[in-house]
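**Q** show me the folded form of this:
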Amino acid sequence: MSDLEIRPVRPGDLPSLANAGEDGYFADRLAKQHEGHGVLLGAWRTGQAIGSAYLWLDEAEEPEIRQHLPNTPLITHVEIFDADERNRGFGTELMDRAEQMLWERGYTRVALAVEVSNDAAARLYRRRGYQDWGHDTISCMGRVWEEDGTFTEYEEKCYVLTKKRD
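**A** Presented below is the predicted three-dimensional model:
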């Protein structure tokens, strides 16, 4: 997709991501990126931010993932912001770039968690070669970010899927 640019977010990009809401989330992930704990990817189309994904390189927050998938990066918070931009291949391009970055860093396996009621996302990931990790569903920590940068945490039941490098 020639008009799609996917790259790590830079501090100056935060205002363009603000249109998607969740300013606190993006500021937090950019700080984690600066500290070397992950990579916040942004997707831009004709200069407009249309999506993001975060490559979680730290140990997982969930104890089950730490136990069964040690040292495995996670792709989290994959999102195309505007409904008009969805189902046009941009999410696939974003996932391609996220996986490519992890393979280039030497990882041979990646994981992600998907909320059990999010059938569309689960279908997309399975089409991309992700498979059930072979353990039970887990409780994942989610956050709702407020405008002031604070957040409220909540739990959601998730499937964990993994993919090995071809």
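**Q** any buried residues in the longest strand anywhere in the chain, and which?
**A** Across the chain, the longest stretch assigned as strand under DSSP state E is strand 151-164. Residues of strand 151-164 classed as buried by neighbour count (16 or more other CB atoms under 10 Å): 156, 158-163. In this view, the C-beta of every residue, glycine as well, is placed from N, C-alpha and C.
**Q** now stretch 99-106
**A** Quick answer for stretch 99-106 (16+ other CB under 10 Å): 99, 101-102.
**Q** repeat for stretch 25-33
**A** 25-30, 32-33.
**Q** which among the buried residues of strand 151-164 gets closest to residue 140?
**A** Comparing the buried residues of strand 151-164 against residue 140 with CB to CB places residue 158 closest, at 4.3 Å.
**Q** isn't residue 77 right up against residue 32?
**A** No: Residue 77 lies out of contact with residue 32 (CB atoms under 8 Å); the separation is 11.8 Å.
**Q** number of nearby residues for residue 10?
**A** 11 (other CB atoms under 10 Å).
**Q** and the closest residue to residue 133 other than its chain neighbours, how far is that from residue 37?
**A** Excluding its sequence neighbours, the residue lying closest to residue 133 (CB to CB, 6 or more residues apart in numbering) is residue 160, at 4.5 Å. For residue 160, the distance to residue 37 equals 20 Å [CB to CB, to the nearest Å].
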